[in-house]
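Q: 3D model of this:
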Amino acid sequence: MRAAGYPEGVLDRWRTIPLSAPIPLADAARAGEPLLLANPAQFVARYPDLAPTIAQTGSRAMAALPVLVEGRVVAVIGLSFGAAQA
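A: Residues are numbered from 1 along each chain as shown. Sure, this is the predicted structure:
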């Protein structure tokens, strides 16, 4: 995992993510489709347990993008944004 711009220690709990976890990256991996959350309200409505993490990181939008090889998900790229997206 590679990340930049997050407070120290925030990402420690995300080094290993079970595929069954109820979080955007795992949901995108299971579905094999991008997951876009344009603002904090969308994020918290779908993932209320992540509200403290959102507040701690300052993320205002997120994209979880599965990487497919021959139709199979091999990774997911997560992007977070400091401003809401349209």
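
Q: where does this structure have its least confident helix or strand?
A: helix 51-57 (a mean of 87; mean pLDDT, DSSP states H and E).

Q: show me what counts as buried in that helix.
A: 53-54, 57 (16 or more other C-beta atoms under 10 Å). (Glycine included, C-beta is placed from N, CA and C.)

Q: stretch 38-50 now?
A: Quick answer for stretch 38-50 (16+ other C-beta under 10 Å): 39-40, 43, 47, 50.

Q: which residues sit against that stretch?
A: 22-24, 37, 51, 54, 59-62, 84-86 (C-beta atoms under 8 Å, 6 or more residues apart in numbering).

Q: which single one of these is nearest to Ala31?
A: Nearest to Ala31, judged by C-beta to C-beta, of the contacts of stretch 38-50 is Pro24 at 10.5 Å.

Q: for burial, what's the neighbour tally of that closest one?
A: When neighbours are counted by other C-beta atoms under 10 Å, Pro24 registers 21.
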